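[1] Need the 3D shape of this:
(2 chains)
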There are 2 protein chains.
Amino acid sequence: MSQATDQITPEVEADEDVYALDPKVVSAILYAVEVHDKDQLTALMDPLHPADIADVLEQINAFDRRRLIELYDREFDGDILSELDENIREEVMSVLKPDVLAEAVRDLDSDDVVDLVEDLDEPQQEAILEVLEDADRVAVEQALSYPEESAGRLMQRETAWAPEHWNVGQCIDYLRNADDLPEQFYHVILVDPRMRPIGNVTLGRIMGSRREVLLKDIMEEMFQVIPVYQDEEDVAYAFNQYHLISAPVVDENERLVGVITIDDAMIVLDEEHEEDILRLAGVGESSMSDTVVDTTKQRLPWLAVNLVTAILASLVIAQFEDTIGRFVALAVLMPIVASMGGNAGTQSLTVAVRAIATKDLTGANVWRVIRRECLVGLFNGLAFAVVMGVVGVIWFGSAQLGYVIAVAMVINLVVAGLAGTVIPVLLEKVGVDPALASGSFVTTVTDVVGFFAFLGLAAAVLT
Amino acid sequence: MSQATDQITPEVEADEDVYALDPKVVSAILYAVEVHDKDQLTALMDPLHPADIADVLEQINAFDRRRLIELYDREFDGDILSELDENIREEVMSVLKPDVLAEAVRDLDSDDVVDLVEDLDEPQQEAILEVLEDADRVAVEQALSYPEESAGRLMQRETAWAPEHWNVGQCIDYLRNADDLPEQFYHVILVDPRMRPIGNVTLGRIMGSRREVLLKDIMEEMFQVIPVYQDEEDVAYAFNQYHLISAPVVDENERLVGVITIDDAMIVLDEEHEEDILRLAGVGESSMSDTVVDTTKQRLPWLAVNLVTAILASLVIAQFEDTIGRFVALAVLMPIVASMGGNAGTQSLTVAVRAIATKDLTGANVWRVIRRECLVGLFNGLAFAVVMGVVGVIWFGSAQLGYVIAVAMVINLVVAGLAGTVIPVLLEKVGVDPALASGSFVTTVTDVVGFFAFLGLAAAVLT
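    As a prediction, this is how the structure comes out:
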């Protein structure tokens, strides 16, 4: 690739703010609301995608939000509701006039309505369902009969399918006259006489083939079918692992009941990632638009768990009060061993949690990974043992202190690697989300072991 | 939805192991390799998707991997290479016989070849490019001329496009006779006479419309164009935010040069998430198949940063050696304040880092978010101040000690909320990835402030 690297190529655009809301537009919108200029507001909102309008609503305060919605009035589009954070969404729905809300909901696809109403209380849910046309209402009600977070909730019920013996011409003629096709579709699903899917044909292949070609002959090789009760997390995994664009959903008798497309799977994947990242940090759910009270409540339980952990560590320290009283240098150095263990443990557990989620950590390699993490802990422990041994000698002029901190460091980093891998694996085995609970367990282990090893050795060695 | 909730519905399938590799299959494969039974190996591998075969290769050890590849020989499919982790991929490519490798690479789409060769050294890169047909090689070389991680690397160069004045019939006839269509496509891009994209028409709409309908009249309303030098992270964001299925890529003159589809964007989104989650935990890159030496090297720098942080905290403690010598209870309790601050800070910073990535934290709401995080810190601080004040009094029988730890707790949790939000926002402003660096800064702040507030107050108050 010499010509590629020699050539002067522009850099990748590093503009962080591409696609971010322009603060000037937000200010202009707020000004239009302030002076009650509806034409100006509509002119400013018109070029924005519903997802961006939702972002504007999320980023302004509740007072401005109410005034904006009241001024915007009938222009309010149903898609904005779908894009809103759940907590803001309920607030917005309560501000919208009933007839504006009804109009907004009627414009939505049935799977978006499902998403909108599934978290509402029954009276609110019924109020929304009432405004729908009969066919849509039935579709939404049937979707709601599947368990939450199942493939049944995620799928569209409208599918483009054809009998397995059709040719391209028959299929095109059928599609041209059908009136219940999905809004967007990318495959025609071939089904056997009992409505069981046997393969996918891409629209591109259909359009690129002569009319007499059999659909069966241009079917895609790879084919994945999703059971309707499958967890949406597994659905997202399948789309990601097998690069699916759309997949038929089947019931217990393997009959076609719907189709899931990659855009739905992408949203689930994004939500799962968000959940993992927040859970690892001890934050249950969170959004920029949560109130102070909600946020305080979300964070408090996790801090309470941490407090218990920290008190456990303090109890260990308390066992060595006499030793610390004699050698105050121990109090100065002891947080270092615990902190390094906590960090190394977090490294190991994050890698393990992530690998469990992507199914890269399985029975086939778990022992090798545990062995690796312990060895990594040993080697890094030895490296930092040398550093801290030297620091201990120079700072406090005590070879014994240097020796104690070095040995404690090695012990704690090996334990960190072990605990950081074994704890998430065990939690997953007993059915607890490892992202949720691993952190507290692992830092408890590294704190307790860190203080105990350091202070215990000190008590034994220092005289 | 009363009928929905009353009805007995099966639970969502909670089978964690769906789509995970069956350990029995892995064992059977390893046995076939052991006894050198090629037919049995082929029979076992045949039903597996290339992504699953790649997982098998990643999860077994290097010795088995080499034997498996040698036995599998000519059956080796190019898609397996695309699915492999980068570090394993190079190893596998060096084990494959040159003609098997050539055959495998020749079967791949040009964008997969780009992905395969972009990280190779030049001689290896040239060796692979040599085996390609001329047209493919040119396509790969042109893609490589765009910067790494740009839209240009991600896009397919083959596009399905049509002049803006065409009707459905003209478009179908053209597609049926075209021989350079992409493998998979979902839209036909309408272009003006200067090849600038003006809109997308879905294949579904084309197939569902009569031949005389103008493409322009069935064009999609929403339309996003991707600049060829745009960072792939922003590309993924656009797909996620605007629910794109495919988007045309344009050069500096806004002329169509390629197309990016949602499956490519989904892979980038997944990689970005992985990067964020690992960086937040102080792990640069990581895979289950990394060696002990590689893993040790990846983790060491982050632990070194943490060591500096921990030593800074120790220096603060050292200022109060006299006080600790007089009141050893301080040594017992001081890690609690620091630990709670570190946890609260991590909560705030994770929420902030995530919101920056999803562009939900902007100039429009940053002050409100900072205010919220400080208030949350204040309220949780007050809650835990009461708890720890009581614990201090009961455990050590000292009201003064209870008072000191309570006040230090409030101070440190407010500082944690402030630092956890301000630090990632500032890092992002100066162009540093907040996921990468925020953690060390925030825990340094909460450690230093935590120890200083607690011990400083103690020194002033306790007598």
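[2] what's the distance between the spatially closest residue to A:Glu58 that is not a sequence neighbour and A:Tyr19?
    Ranked by C-beta to C-beta, 6 or more residues apart in numbering or on different chains and with sequence neighbours excluded, the top spatial neighbour of A:Glu58 is A:Ser289, at 4.6 Å. No exception for glycine: its C-beta is placed from N, CA and C like everyone else's. Separation of A:Ser289 from A:Tyr19 (C-beta to C-beta, to the nearest Å): 19 Å.
[3] the more surrounded of the two?
    A:Ser289 (24 against 19; other C-beta atoms under 10 Å in any protein chain shown).
[4] Now the more buried one: which helix or strand?
    Assessed by DSSP states H and E, A:Ser289 sits outside every helix and strand.
[5] And for A:Leu269?
    helix A:262-280.
[6] do that helix and chain B meet at all?
    Yes. Counting by C-beta under 8 Å from any C-beta of the partner chain, chain B has neighbours in helix A:262-280: A:262-263, A:265-267, A:269-270, A:273-274, A:276-278, A:280.
[7] What number of residues are in the vicinity of the closest residue to A:Leu68 other than its chain neighbours?
    Of all residues not flanking A:Leu68 in the chain, A:Val33 sits nearest, at 4.9 Å (C-beta to C-beta, 6+ apart). Neighbourhood size, A:Val33 [other C-beta under 10 Å]: 23.
[8] Quick check, A:Glu233 in contact with A:Val268.
    Yes. Here A:Glu233 lies in contact with A:Val268, judged by C-beta atoms under 8 Å, at a distance of 6.9 Å.
[9] Counting neighbours, go ahead and name the busier of those two.
    More crowded of A:Glu233 and A:Val268, by other C-beta under 10 Å: A:Val268, with 21 against 18.
[10] Please name the residues that touch the more buried one.
    A:Val268 makes contact with A:154, A:232-233, A:235-236, according to C-beta atoms under 8 Å, 6 or more residues apart in numbering or on different chains.
[11] Apply 10 Å and report the result again.
    Applying C-beta atoms under 10 Å, 6 or more residues apart in numbering or on different chains to A:Val268 gives the contacts A:149, A:154, A:231-237, A:239-240, A:260.
[12] before we move on, what about A:Glu133?
    A:106, A:139.
[13] pLDDT weak spots in chain A?
    Chain A contains residues with pLDDT under 70 at A:1-16.
[14] Overlap of the contact sets of A:Glu233 and A:Val268?
    By C-beta under 10 Å, 6+ apart, the residues touching both A:Glu233 and A:Val268 are A:Glu149.
[15] Tell me the buried residues in the helix holding A:Leu269?
    A:262-270, A:272-280 (16 or more other C-beta atoms under 10 Å in any protein chain shown).
[16] Name the nearest residue to A:Val25, sequence neighbours excluded.
    Counting by C-beta to C-beta, 6+ apart, A:Val25 lies nearest to A:Leu44, which is 6.5 Å off, once chain neighbours are set aside.
[17] Give the burial count for the residue in the stretch 101-250 of chain A positioned nearest to chain B, as a bare number.
    Evaluated by C-beta to the nearest C-beta, the stretch 101-250 of chain A has A:Leu203 as its residue closest to chain B, separated by 3.9 Å. Per other C-beta under 10 Å, the neighbour tally for A:Leu203 reads 24.
[18] next one: the one 4 residues further on
    Other residues within reach of A:Met207, judged by other C-beta under 10 Å, total 23.
[19] so it makes contact with B:His187?
    No. Here A:Met207 does not reach B:His187: they are 11.9 Å apart, not a contact under C-beta atoms under 10 Å.
[20] that's a strand at the residue nearest to A:Leu68, yeah?
    No. Counting by DSSP: H, G, I helix; E, B strand; the rest coil, A:Val33 is not part of a strand but helix.
[21] From A:Asp39, how far out is it?
    For A:Val33 relative to A:Asp39 (C-beta to C-beta), the value is 13 Å.
[22] How about A:Val268?
    40 Å.
[23] and what of A:Asn412?
    On the measure of C-beta to C-beta, A:Asn412 and A:Asp39 end up 67 Å apart.
[24] Neighbour count for these two, which is higher?
    Applying other C-beta under 10 Å to A:Asn412 and A:Asp39 shows that A:Asn412 carries more neighbours, namely 31 against 8.
[25] correct me, but that one touches A:Thr443?
    No. Checked against C-beta under 10 Å, the pair A:Asn412 and A:Thr443 is beyond contact range at 11.6 Å.
[26] quick one, domains of chain A?
    Annotated domains of chain A cover A:18-154, A:161-280, A:292-461 [automatic domain parsing].
[27] Tell me which of those domains approaches B:Asp180 most closely.
    domain A:161-280 (10.9 Å; C-beta to C-beta).
[28] now that closest one, how far from the centre of its chain.
    On the basis of C-alpha atoms, centre = their mean, to the nearest Å, domain A:161-280 sits 24 Å off its chain's mean C-alpha point.
[29] and the end-to-end length of that domain?
    43 Å (C-alpha to C-alpha, to the nearest Å).
[30] next one: stretch A:141-160
    21 Å.
[31] From what I see, A:Thr42 and A:Asp77 are in contact.
    No. Counting by C-beta under 10 Å, A:Asp77 is not a contact partner of A:Thr42; they are 11.7 Å apart.
[32] just the strands in chain A please.
    With DSSP state E as the criterion, chain A has strands at A:161-163, A:187-191, A:197-202, A:226-227, A:246-250, A:256-261.
[33] follow-up on the earlier one: pick the most buried one from the domains of chain A.
    Ranked by mean neighbour count under mean count of other C-beta atoms under 10 Å in any protein chain shown, the domains of chain A are led by domain A:292-461, which reaches a mean of 22.
[34] End to end on it, go ahead and measure it.
    Termini of domain A:292-461 sit 50 Å apart (C-alpha to C-alpha).
[35] ok, A:Phe185 - contacts?
    Contact partners of A:Phe185, counting by C-beta under 10 Å, 6+ apart, are A:156, A:158-161, A:175, A:203, A:245-246, A:259, A:261, B:186, B:202-204, B:207-208.
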